[in-house]
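Q: A structural model of the following input is requested.
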Amino acid sequence: MKALAISDSIEVLLPKMGIMTHLVELTRHDYIYVKDQININEVLSIKADKSRFWEENSLAVFYKEFKLGYLNNTINKVVQKMIIKYGYVKVILKNKPKGSNPFEGIDVLIQIG
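A: Residues are numbered from 1 along each chain as shown. You can find the predicted model right below:
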């Protein structure tokens, strides 16, 4: 049986699969103003949001300077660790609602660098 040894001293090549998740609280922020301008595979930005004092490590997702929403609390913890370890994550819009309810949720893919 072969063993796989992982070391911190060598660069780990991770697959480009990433983490697929959805954004929460779309109705409370700027999504309504930019929902028709955002395209699938658009790169979004992610920033820590200190205004949410009840959730100290919340991460907000932005399109240009418009806040779309937040990562849910479970994924937020994982992404925080990725940012600390790798310094940067890439957020890509993968799905947005096409039906009558534009606030049904949008899906994003989070990848390392």
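Q: Quick one: mean pLDDT for stretch 104-113?
A: In this model, stretch 104-113 has an average pLDDT of 86.
Q: Equivalent analysis for stretch 33-40, please.
A: Taken as a whole, stretch 33-40 has an average pLDDT of 90.
Q: mind listing what's buried in it?
A: Buried residues in stretch 33-40, counted by 16 or more other C-beta atoms under 10 Å: 35, 38. C-beta coordinates here come from the backbone N, C-alpha and C atoms, glycine included.
Q: can you give me the end-to-end distance of that stretch?
A: The first and final residues of stretch 33-40 sit 17 Å from each other (C-alpha to C-alpha, to the nearest Å).
Q: can I assume residue 83 sits in a helix?
A: Yes - counting by DSSP: H, G, I helix; E, B strand; the rest coil, residue 83 is found in a helix.
Q: so it makes contact with residue 89?
A: Yes - contact criterion C-beta atoms under 8 Å: residue 83 and residue 89 qualify, at 5.8 Å.
Q: which residues touch stretch 30-43?
A: Residues outside stretch 30-43 that contact it (C-beta atoms under 8 Å, 6 or more residues apart in numbering) are 63-64, 66-69, 90-96, 102-103, 106.
Q: so where do the strands sit in the protein?
A: Secondary structure of the chain by DSSP state E: the strands cover 19-24, 43-48, 59-63, 66-71, 89-95, 107-112.
Q: I'd like to know which elements the shortest one is packed against.
A: In other words, strand 59-63. Judged by 3 or more C-beta pairs under 8 Å, 6 or more residues apart in numbering; DSSP states H and E, strand 59-63 is in contact with strand 43-48, strand 66-71, helix 73-86.
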